[in-house]
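# what would the 3D arrangement of this be:
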Amino acid sequence: MAKSTAHGSVTNLAALREQSMRTGRTVEELQAEQAAIPEQQDGTTAPEPDQEPKDKPSTPSRPAQGDPKAAWVDYAVSQGAAREDAEKETKGDLIKAYGD
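From the prediction side, this is the model:
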């Protein structure tokens, strides 16, 4: 369900869910953080300082089998896995699950 903000805009829940999967933070945490962003005089919100540049791809490409486990963990998280769960798996298990 979309949630109206104090600014009258609608929060995109799908985008929040995607960000939640990438960051390991809950949708509720992200919504609270978003609500705390001050509105500027022109009605727009200030960008977050840790926001990724728009030209940087948000989903890493599939790592090679020889890449380190950390690359596979990052890839698994980008595909929807919880970071904590992915870190518990072996590299071989990650390759089986996400190696296509």
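# low-confidence stretches in this structure?
Scanning the chain for pLDDT under 70 picks out the ranges 1-12, 37-58.
# that one: helices as residue ranges?
13-23, 27-36, 69-78, 83-88, 91-98 (DSSP state H).
# can you report how many residues lie near the closest residue to residue 73 other than its chain neighbours?
Computed as CB to CB, 6 or more residues apart in numbering, the closest residue to residue 73 that is not its neighbour in sequence is residue 86, at 4.6 Å. Where C-beta positions appear, they are placed from N, C-alpha and C, glycine not excepted. Residue 86: 23 surrounding residues under other CB atoms under 10 Å.
# still on that earlier bit, now render the helices of the chain as JSON lines, adding distance to residue 63.
What follows is these, written out as JSON lines (distance: least, CB to CB, whole Å):
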{"stretch": "helix 13-23", "distance to residue 63": "16"}
{"stretch": "helix 27-36", "distance to residue 63": "26"}
{"stretch": "helix 69-78", "distance to residue 63": "4"}
{"stretch": "helix 83-88", "distance to residue 63": "12"}
{"stretch": "helix 91-98", "distance to residue 63": "9"}
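# hmm, back to that, just to check, the residue nearest to residue 73 is in contact with residue 77?
Yes. Using CB atoms under 8 Å, residue 86 is in contact with residue 77, at 5.8 Å.
# can you tell me how far residue 66 sits from residue 59?
In this view, residue 66 and residue 59 are 21 Å apart by CB to CB, to the nearest Å.
# neighbour-wise, which of those two wins?
residue 59 (12 against 6).
# next up, the contacts around the more buried one.
By CB atoms under 8 Å, 6 or more residues apart in numbering, residue 59 lies in contact with 78, 79.
# how near is it to residue 98?
On the measure of CB to CB, residue 59 and residue 98 end up 12 Å apart.
# which neighbours do the two share?
residue 79.
# how is the chain partitioned into domains?
Structurally, the chain divides into domains by automatic domain parsing as follows: 9-53, 69-98.
# of these, flag the one that's most buried.
Highest mean neighbour count among the domains of the chain (mean count of other CB atoms under 10 Å): domain 69-98, with a mean of 16.
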